[in-house]
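**Student:** curious how this folds, go ahead:
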Amino acid sequence: MSHTSHPRLKVKQALSSAGPVEEVQISGWVRTRRDAKGFSFLEINDGSCLASLQVIVDASCPQYAQIHDYTTGAAVRAKGALVASQGQGQKWELKAAELHLVGAADDSYPLQKKRHSLEYLREISHLRPRSNLFGAVFRVRSRLAYAIHQFFQERGFVYVHTPLITASDCEGAGEMFRVSVLDPVNPPKNKDGSIDYSRDFFERPTYLTVSGQLEAEIFALSHGDVYTFGPTFRAENSNTSRHASEFWMIEPEMAFCDLEGDMDLAEEFIKHLILDILDNCSEDLDLFGKFVDKGLHDRLRFVLERPFERISYTEAVELLQKSGVKFDYPVEYGANLQSEHERYLTETHFKRPVTVFNYPKEIKPFYMRQNDDDKTVAAMDVLVPGIGEIIGGSQREERLDRLDAALEHHGLDQEDYWWYRDLRKYGSAPHAGFGLGFERMLMFVTGVANIRDVIPFARTPGNAEF
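**Tutor:** So this is what the prediction gives:
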C-alpha cells in the first residue's frame with residue numbers, strides 16, 4: 001500500500017496555520033481543477049470545513065504529466081509546502097511536491113460545478129454530503145448534538161438510553177411501526193382468527209418507539225435529572241416538509257420540578273444551542289445566510305437576545321381571535337394551535353419567542369398533570385419565529401388517583417401501565433420534562449426548510465432508499 005506514515009493535516013488546520021510549513025500532507029476530494037500554461041490549480045476539500053485548500057501543481061511535481069486524471073470527485077493525496085497564497089480569498093495554499101491519485105472519478109460523477117436542486121440531491125443522498133450545502137448541514141448537525149450533550153452534562157443530568165423496541169404507546173396516537181418475526185403470509189392464529197402474538201419474538205405485540213419519555217420518568221425518579229437523546233419513529237403517513245418517519249428527539253425529565261422549572265430549562269436550552277452554533281459554526285452559517293435563508297442571522301439573534309413571552313393557551317386564543325387576521329385555520333378554544341397561529345404570536349404580535357402554557361386537557365396526552373380548574377393540564381409549548389412550536393413539554397401527573405382517572409378518560413388499560421402506576425405508589429414526586437425534535441432545531445439554526453435535507457438519509461412514506 002502506497003500510504004505513507006506522514007500525518008494527514010486537515011484542510012481546516014492547514015487554512016488556520018499560524019505560519020508557512022515546509023512539508024505537510026493533505027488528503028481529500030477534488031472540487032475543481034483549473035489548468036493554465038505550465039501549471040494547474042486543484043481545489044481540495046476534505047469535509048473538515050466549508051473552504052477548500054488550493055493546491056498548485058507545476059512541472060516540478062513528478063505527477064504533473066498525469067494532471068488530467070485529477071478530475072472533479074477524485075480522491076487525492078498531496079504533499080508539499082504550505083505557503084502564503086498569491087490568490088484572493090485564502091491565506092495559505094499548498095505547493096505540491098508529490099501528488100497521488102487515491103481514487104479516480106469518471107466523467108459520470110453527478111456533482112459537477114453548478115447549482116443542483118435539493119430534489120435532485122436527495123436522489124443521490126450517497127454523494128450529496130460532498131456538496132457545499134450538505135457538507136455544512138452535517139457539520140452543524142454534529143456540533144448541535146455535541147452542544148446538547150454539553151448543556152445537560154454541565155448541569156449534572158444523567159444520559160439514559162431508552163429502548164427503541166417497546167410495547168407501550170406513549171402518545172396514544174397509535175401510529176407505530178410493528179416489530180415482528182411472524183410469517184407475514186401465514187401468521188399463527190388464535191381460535192377466533194386473530195393473530196397469536198404469543199408466538200412472536202417478544203411474545204406480545206411490539207413497536208418502534210415514538211418517545212423515550214415514560215422510561216425517562218422511571219430514571220428521573222431515581223437519578224433526579226436525566227435526558228434521552230435518540231431515534232424515535234412515527235408511522236404517520238404525512239408527506240410534509242416538517243415530518244419524517246424516523247427522527248431524533250431530546251427528552252429531559254426532572255424530578256422535584258414543576259411547569260415553571262420546565263419552562264425555565266426549555267428557554268435556557270434553546271438559547272444555549274443557538275449561542276453555541278453562532279460561536280462554533282460561523283463559516284457554515286454564513287453559507288446558509290447567503291444561499292438558504294437571508295434572514296437567518298437576524299432570526300437567531302432575535303431568539304437569543306429577547307426574553308421569552310409567557311402566555312396561557314386561553315389568553316393566546318383570545319388574542320388570536322381579536323387579531324382581525326384571517327387565518328387558514330380558524331382559531332377556536334379546544335383546538336390545537338397551527339403553525340400560522342404560533343408564528344403570528346412570535347413574529348407579529350409579541351416580536352419575541354413565546355411560551356404558551358396550560359392547554360385544554362382534551363387535546364393533550366394522559367400523562368400531563370391536571371390543573372385545579374379541571375379544564376386544563378400543566379403543558380407548555382415553546383414557539384420561535386419561522387418554525388412555530390419547537391419544544392413541547394409538561395409537568396407529569398404524579399397523583400395515582402388522577403392518573404387512573406386520566407387513563408380511563410383516554411380509554412387506556414391500567415394493566416398495560418402497571419409499572420407507570422407503580423411509580424406513583426412508591427415515592428412519587430412532582431416531575432416535569434419536554435421533548436425537542438433534533439431535526440426541527442437543526443432546521444431552525446440552518447434555515448433549511450425541508451426536514452429531508454437535515455437528515456443524512458431521510459425516511460418518509462415510500463422512501464427508504466439508502
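**Student:** would you map the helices across the stretch 1-150 of the chain?
**Tutor:** 11-15, 118-123, 132-154 (DSSP state H, counting those that start in this stretch).
**Student:** so which of these is nearest V445?
**Tutor:** helix 132-154 (6.6 Å; C-beta to C-beta). From N, CA and C alone the C-beta is placed, and that goes for glycine too.
**Student:** that closest one: which residues count as buried?
**Tutor:** By 16 or more other C-beta atoms under 10 Å, the buried positions in helix 132-154 come out as 132-141, 143-144, 147-148, 151-152.
**Student:** out of the helices of the stretch 1-150 of the chain, nearest to I391?
**Tutor:** Closest approach to I391 among the helices of the stretch 1-150 of the chain is made by helix 132-154 (12.5 Å; C-beta to C-beta).
**Student:** quick check: mean pLDDT of the longest strand anywhere in the chain?
**Tutor:** Scanning the chain for the strand with the most residues, using DSSP state E, yields strand 21-36. Averaged across strand 21-36, pLDDT comes to 96.
**Student:** what ranges do the helices span in the stretch 151-300 of the chain?
**Tutor:** 213-223, 259-280, 282-291, 296-305.
**Student:** packing partners for the longest one?
**Tutor:** Spelled out, that is helix 259-280. Using 3 or more C-beta pairs under 8 Å, 6 or more residues apart in numbering; DSSP states H and E, the elements in contact with helix 259-280 are helix 132-154, strand 246-255, helix 296-305, strand 354-360, strand 376-384, strand 388-395, strand 431-437, helix 438-446.
**Student:** re the thing from before, of the helices of the stretch 151-300 of the chain, which is nearest V102?
**Tutor:** helix 282-291 (25.9 Å).
**Student:** hey, what's the angle from the closest one to helix 259-280? Just curious.
**Tutor:** 90 degrees (axes from the mean of the first three to the mean of the last three C-alpha atoms, to 10 degrees).
**Student:** helices or strands up against helix 282-291?
**Tutor:** helix 132-154, helix 296-305, helix 438-446.
**Student:** tell me which of those helices approaches H341 most closely.
**Tutor:** helix 438-446 (17.2 Å).
**Student:** tell me the mean pLDDT over that closest one?
**Tutor:** The model assigns helix 438-446 a mean pLDDT of 97.
**Student:** buried ones in stretch 205-223?
**Tutor:** By neighbour count on 16+ other C-beta under 10 Å, the buried set for stretch 205-223 is 206-221.
**Student:** from those residues, which is closest to E119?
**Tutor:** L208 (27.5 Å).
**Student:** follow-up on the earlier one: can you list the helices and strands packed on helix 282-291 in CSV and add distance to P353?
**Tutor:** Below are the helices and strands packed on helix 282-291 laid out as CSV (distance: least, C-beta to C-beta, whole Å):
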stretch, distance to P353
helix 132-154, 17
helix 296-305, 5
helix 438-446, 11
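**Student:** out of the ones you listed, nearest to I363?
**Tutor:** Here helix 438-446 is closest among the helices and strands packed on helix 282-291 (C-beta to C-beta), at 19.8 Å.
**Student:** related to what we said a few turns ago, out of the helices and strands packed on helix 282-291, which is closest to D107?
**Tutor:** That would be, of those and by C-beta to C-beta, helix 132-154, which comes in at 21.2 Å.
**Student:** that closest one to helix 282-291, inter-axis angle?
**Tutor:** 130 degrees.
**Student:** next, the angle from helix 132-154 to strand 431-437.
**Tutor:** Using the same axes, to 10 degrees: helix 132-154 against strand 431-437 is 170 degrees.
**Student:** which residues does stretch 119-137 contact?
**Tutor:** 29, 45, 47, 50, 73, 110-111, 116, 138, 284, 287-288, 291-292, 442, 446, 448, 452-454, 456-458, 465-466 (C-beta atoms under 8 Å, 6 or more residues apart in numbering).
**Student:** which residues does the residue lying closest to G156 once chain neighbours are set aside contact?
**Tutor:** Nearest residue to G156, sequence neighbours excluded (C-beta to C-beta, 6 or more residues apart in numbering): D225, at 6.2 Å. Contacts here follow C-beta under 8 Å, 6+ apart; on that basis D225 touches 152, 155-158, 252-255.
**Student:** output the below-cut-off pLDDT ranges for the stretch 151-300 of the chain.
**Tutor:** 169-174 (pLDDT under 70).
**Student:** one more time with 90, if that's ok
**Tutor:** 167-175, 236-243 (pLDDT under 90).
**Student:** A14 against S27, yeah?
**Tutor:** No: A14 is beyond contact range of S27, at 11.3 Å (criterion: C-beta atoms under 8 Å).
**Student:** so between those two, which is more surrounded?
**Tutor:** A14 (24 against 18; other C-beta atoms under 10 Å).
**Student:** check the more buried one and give its pLDDT.
**Tutor:** 97.
**Student:** could you pull up the residues touching it?
**Tutor:** Applying C-beta under 8 Å, 6+ apart, the residues near A14 are 24, 26, 53, 82, 92, 94.
**Student:** nearest to S60 among those?
**Tutor:** Distances from S60 to the contacts of A14, taken by C-beta to C-beta, are shortest for L94, at 13.4 Å.
**Student:** for L403, see how far away the closest one is.
**Tutor:** In this view, L94 and L403 are 65 Å apart by C-beta to C-beta, to the nearest Å.
**Student:** low pLDDT regions in the stretch 301-450 of the chain?
**Tutor:** Looking at the stretch 301-450 of the chain by pLDDT under 90, you get 339, 386-387, 410, 416.
**Student:** what mean pLDDT does stretch 124-133 get?
**Tutor:** The model assigns stretch 124-133 a mean pLDDT of 96.
**Student:** show me which parts of that stretch are buried, residue by residue.
**Tutor:** In stretch 124-133, counting by 16+ other C-beta under 10 Å, buried: 125, 128, 130-133.
**Student:** and it, end to end?
**Tutor:** With C-alpha to C-alpha, to the nearest Å as the measure, stretch 124-133 spans 14 Å from end to end.
**Student:** distance from the chain centre to that stretch, please.
**Tutor:** 18 Å (C-alpha atoms, centre = their mean, to the nearest Å).
**Student:** what does stretch 415-435 give?
**Tutor:** 28 Å.
**Student:** with just CA atoms, put that stretch into CSV.
**Tutor:** Provided in CSV are the C-alpha atoms of stretch 415-435 (Å, rounded to 0.1, in the frame of the first residue of the first chain):
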residue,chain,number,x,y,z
GLU,A,415,-52.8,-3.2,33.4
ASP,A,416,-50.8,-2.0,30.4
TYR,A,417,-49.3,0.8,32.5
TRP,A,418,-48.8,-1.2,35.7
TRP,A,419,-45.2,-0.1,36.1
TYR,A,420,-46.0,3.6,35.4
ARG,A,421,-48.7,3.4,38.1
ASP,A,422,-46.1,1.8,40.5
LEU,A,423,-44.0,5.0,40.2
ARG,A,424,-47.0,6.9,41.7
LYS,A,425,-47.3,4.3,44.6
TYR,A,426,-43.6,4.2,45.7
GLY,A,427,-42.2,7.5,46.5
SER,A,428,-43.9,9.6,43.9
ALA,A,429,-42.7,13.2,43.4
PRO,A,430,-43.6,16.1,41.1
HIS,A,431,-41.6,15.9,37.9
ALA,A,432,-41.6,17.5,34.5
GLY,A,433,-39.9,17.3,31.1
PHE,A,434,-40.1,18.2,27.5
GLY,A,435,-39.2,17.0,24.0
